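# Just need the structure, nothing else, for what follows:
(2 chains)
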Amino acid sequence: MTLKIVASQCTSCSACEPECPNVAIFEKNGTFVIDPKKCTECIGHFDVPQCAAVCPVDDTCVIDNAYPRYQPTA
Amino acid sequence: MHASTQHETSEAAVADKLAEAMQAKAEHQGCGTSGGSGKASCGSSAGQGDLPTEIWEKVKNHPCYSEEAHHHYARMHVAVAPACNIQCNYCNRKYDCANESRPGVVSEKLTPQQAAKKVLAVASTIPQMTVLGIAGPGDPLANPEKTFQTFELINRTAPDIKLCLSTNGLALPDHVDTIAGFNVDHVTITINMVDPEVGAKIYPWVFWKHKRYTGYEAAKLLTDRQMLGLEMLTERGILCKVNSVMIPGINDKHLVEVNRAVKSRGAFLHNIMPLISAPEHGTVFGLNGQRGPTAQELKALQDSCEGEMNMMRHCRQCRADAVGLLGEDRSAEFTTDKIMAMEVNYDLDSRKAYQALVEEERVAKVAAKQEEMEALAGEQSDIKLLVAVATKGSGLINEHFGHAKEFQVWELSTGGAKFVGHRRVDLYCQGGYGEEDSLETIIRAINDCHAVFVAKIGGCPKADLVKAGIEPVDGFAHEFIEKSAITWFKEYLNKVKTGEMEHVVRGDAEIRQGALINAA
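You can find the predicted model right below:
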């Protein structure tokens, strides 16, 4: 799994972008998006996903069930 | 290269400093407070007075730091800082209406390069534009790279422009040295509490060091960082204004304590603003029905803090991309499309020449007031009353009653005329329609005033005002406000003395909220 940003809720404030330890967040068509190939749900970096912790709108940075759970390499 | 990374104070040093500061209890005091009277003599009000020259030089053309300057000098905000590191119950960043004016609202965000171009374009068009502020729409210090890159670009291209910023203070201690390095003279911190119990009702969370904190813990962290940041700024001689949002039932009584705390740490000016909360703003306070203060409640709190330090009374709670004099918004003239197409010629000499003219105008105004004050000498009376004034600026009564979007409110006593605030009377943004009865709205907004001074007024509103107990005064059209108000007040006292009329106390007034319609 990875996180995704619900575009209709994103205020485009950019707070998440510099917090991402994987540089997985970028601006696209006026809102921010997460590159699912880079997102690690912050596992191995922080206790909680940083984008969700800093996002001013509740339930905007959420788990994307379309992708399999991230597996940290041992 | 970003300057923010050059001077960053290490986290350990900040932690040490924090502990030290908590112990030391902030003994040092800021500008003017060493004068002995207890109250900072440095003023938000009139001219230099007994203000030290180095402080006067810093505030005399900053519209937010000098009430007198705001009639003559303009400021602009550039919206380069969209991200925020805390959540406030009076703020909802999702809501943005071009017809609205309040903090946290912008129409478009800018890159630092666009911002620098915009500053040059505005400064070339409006020669009295002297101050550039970064106030969001998020927090400038939650976007340090964008904020400081903007400062760097402007320092290079328009070195005569004063830089300032407005922050919630959470990240402030980490950036104080960078701020000082850019010669920023003015920093505003929004401080709504010094007691975390109170803070927990205002801030649902703060984001700090990769973690979201909530409740008491969040508010404790925020207040500690705010106090430390304030101390670090005043130590470096940077003038600090403290903004507080007055939230009845939550922090209204507590703000007296906040006032004492920031004063003891050297804050220069305290700006207590009414809460803006309407359901359509989508904020927690807007949705849960939290009311804002009435005009009388706000003034009583400001008055009770004034014995301690200077109060700012001319704040218009402007947008994070406002352009122009306080109370006017010319941001629509300077959209990104328009400024990118503008041919900009930054002429420092013509700006200086224009500003010299403004200084002459200011001197004339002060002289006029002095003259009339002498006439008041010897008058003895306990009467204190408020009057409203319709003005377009320059300290003159030069606006028609029907055209006024706001009125200045002055308090008159035998001590003279004192500016105590503004009342908005513009129309609400209600699906494109204004309120049907604007006269009633105006009367509600200035209901605590005995008279309203205007350049001109029609017969109908005149009669309605008289009926409401507010005397319409149009005999001082295009004259200086203070001089005219004092002349009128002298006559008023005379009439009361001779028994020609009776002095009655007026009721409360309403503070206008909601969206501002920019179109005249």
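# Could you give the number of residues near B:Thr414?
By the criterion of other C-beta atoms under 10 Å in any protein chain shown, B:Thr414 has 17 neighbours. Placement of C-beta: from N, CA and C, glycine included.
# what's the closest non-adjacent residue to it?
In space, and not counting its chain neighbours, B:Thr414 is closest to B:Glu379: 4.6 Å by C-beta to C-beta, 6 or more residues apart in numbering or on different chains.
# which ones are touching that neighbour?
With contact taken as C-beta atoms under 8 Å, 6 or more residues apart in numbering or on different chains, B:Glu379 is in contact with B:Thr414, B:Lys490, B:Leu493.
# OK, now which residue of chain A is nearest to chain B?
Per C-beta to the nearest C-beta, A:Ala15 is where chain A lies closest to chain B, at 3.6 Å.
# which ones are touching that residue?
Taking C-beta under 8 Å, 6+ apart, we find A:Ala15 in contact with A:Val54, A:Cys55, A:Pro56, B:Pro82, B:Ala83, B:Cys84, B:Asn85, B:Gly138, B:Ala142, B:Phe207.
# ok, it to B:Thr157 distance?
Going from A:Ala15 to B:Thr157 by C-beta to C-beta, to the nearest Å gives 29 Å.
# Check the contact between B:Gln408 and B:Lys392; I expect there is one.
No: look at B:Gln408 against B:Lys392 with C-beta atoms under 8 Å: they stay out of range, at 10.9 Å.
# any idea where the helices of the stretch 201-350 of chain B begin and end?
Under the criterion DSSP state H, counting those that start in this stretch, the stretch 201-350 of chain B contains helices at B:215-235, B:255-264, B:284-287, B:295-306, B:336-341, B:348-376.
# what's near enough to touch B:Ile383?
Applying C-beta under 8 Å, 6+ apart, the residues near B:Ile383 are B:Ser413, B:Thr414, B:Tyr492, B:Leu493, B:Val496, B:His503.
# pretty sure the first one is touching B:Lys384, no?
Yes: proximity of B:Ser413 to B:Lys384 meets the contact threshold set by C-beta under 8 Å, at 4.4 Å.
# Can you list the low-confidence ranges for chain A?
A:73-74 (pLDDT under 70).
# and it, which residues reach chain B?
Within chain A, the residues that sit near chain B (C-beta under 8 Å from any C-beta of the partner chain) are A:9, A:11-15, A:18-19, A:46-48, A:50, A:53-54, A:56-57.
# Give the ChimeraX command for selecting the buried subset of those residues.
Provided next is the ChimeraX selection string for whichever of those are buried by 16 or more other C-beta atoms under 10 Å in any protein chain shown:
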select /A:9,11,13,14,15,19,50,53,54,56,57
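# so which two of the residues of chain A next to chain B are the farthest from each other?
By the measure C-beta to C-beta, A:Ser12 and A:Asp47 form the most distant pair in the residues of chain A next to chain B, at 26.4 Å.
# Going by residue numbers, what spans are helices in chain A?
Listed in chain order, the helices of chain A (DSSP state H) span residues A:16-19, A:50-54.
# Can you lay out these as JSON lines showing distance to B:Cys315?
Listed next are these as JSON lines, based on distance: least, C-beta to C-beta, whole Å:
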{"stretch": "helix A:16-19", "distance to B:Cys315": "31"}
{"stretch": "helix A:50-54", "distance to B:Cys315": "29"}
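# mind checking the SS state of B:Val122?
Secondary structure, DSSP: H, G, I helix; E, B strand; the rest coil: B:Val122 is helix.
# Pull the contacting residues for it.
Listed by C-beta under 8 Å, 6+ apart, the contact partners of B:Val122 are B:Met76, B:Met129, B:Val323, B:Phe334.
# excluding its backbone neighbours, what's nearest the first one?
Here the nearest residue to B:Met76 in space, its sequence neighbours aside, is B:Val323; by C-beta to C-beta, 6+ apart that works out to 4.4 Å.
# Surely that neighbour touches B:Thr335?
No: counting by C-beta under 8 Å, B:Val323 does not reach B:Thr335; the two are 10.4 Å apart.
# Residue numbers of chain B in contact with chain A?
So far as C-beta under 8 Å from any C-beta goes, chain B lies against chain A at B:82-85, B:87, B:93-94, B:109, B:137-138, B:142-143, B:207, B:210-212.
# And the residue nearest to B:Asp347 when sequence neighbours are not counted, how close does it get to chain A?
Distance criterion C-beta to C-beta, 6+ apart; nearest residue to B:Asp347, sequence neighbours excluded, is B:Ser124 at 7.0 Å. Applying C-beta to the nearest C-beta, to the nearest Å, the value for B:Ser124 to chain A is 29 Å.
# how many neighbours does B:Ser124 have?
18.
# ok, now which ones touch B:Leu493?
B:Glu379, B:Ser381, B:Ile383, B:Thr414.
# how far away is the last one from B:Asn494?
Summarising the geometry, the distance separating B:Thr414 from B:Asn494, computed by C-beta to C-beta, is 12 Å.
# The second one too?
In this view, B:Ser381 and B:Asn494 are 10 Å apart by C-beta to C-beta.
# Same check on the first one?
Note on B:Glu379: its distance to B:Asn494, by C-beta to C-beta, is 9 Å.
# so what's the closest residue to chain A within the stretch 151-300 of chain B closest to, chain neighbours aside?
In the stretch 151-300 of chain B, the residue that lies nearest chain A is B:Arg212 (4.2 Å; C-beta to the nearest C-beta). Distances taken as C-beta to C-beta, 6+ apart place A:Ala53 nearest to B:Arg212, at 4.2 Å, with adjacent residues excluded.
# Quick check: the one you found touching B:Thr214?
No: if you go by C-beta under 8 Å, A:Ala53 and B:Thr214 don't touch, sitting 10.8 Å apart.
# Any chance you could list residues touching both of these two?
Common contacts of A:Ala53 and B:Thr214 (C-beta under 8 Å, 6+ apart): none found.
# Now do the contacts for B:Phe489.
B:Phe489 neighbours (C-beta under 8 Å, 6+ apart): B:Leu376, B:Leu385, B:Val387, B:Leu412, B:Ala417.
# CA atoms only for the helix or strand where it lies - export them in PDB, please.
For B:Phe489, the element it lies in under DSSP states H and E is helix B:481-498. Coordinates of each C-alpha in helix B:481-498 appear next as PDB, following Å, rounded to 0.1, in the frame of the first residue of the first chain:
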ATOM      1  CA  ILE B 481     -10.200  65.100  11.600                       C
ATOM      2  CA  GLU B 482      -8.600  65.700  15.000                       C
ATOM      3  CA  LYS B 483      -8.900  69.500  14.700                       C
ATOM      4  CA  SER B 484     -12.500  69.300  13.600                       C
ATOM      5  CA  ALA B 485     -13.500  66.700  16.200                       C
ATOM      6  CA  ILE B 486     -12.000  68.800  19.000                       C
ATOM      7  CA  THR B 487     -13.800  71.900  17.800                       C
ATOM      8  CA  TRP B 488     -17.100  70.000  17.700                       C
ATOM      9  CA  PHE B 489     -16.400  68.500  21.100                       C
ATOM     10  CA  LYS B 490     -15.800  72.000  22.600                       C
ATOM     11  CA  GLU B 491     -19.100  73.100  21.300                       C
ATOM     12  CA  TYR B 492     -20.800  70.000  22.600                       C
ATOM     13  CA  LEU B 493     -19.400  70.600  26.100                       C
ATOM     14  CA  ASN B 494     -20.600  74.200  25.900                       C
ATOM     15  CA  LYS B 495     -24.100  73.100  25.000                       C
ATOM     16  CA  VAL B 496     -24.100  70.600  27.900                       C
ATOM     17  CA  LYS B 497     -22.800  73.300  30.300                       C
ATOM     18  CA  THR B 498     -25.400  75.800  29.300                       C
END
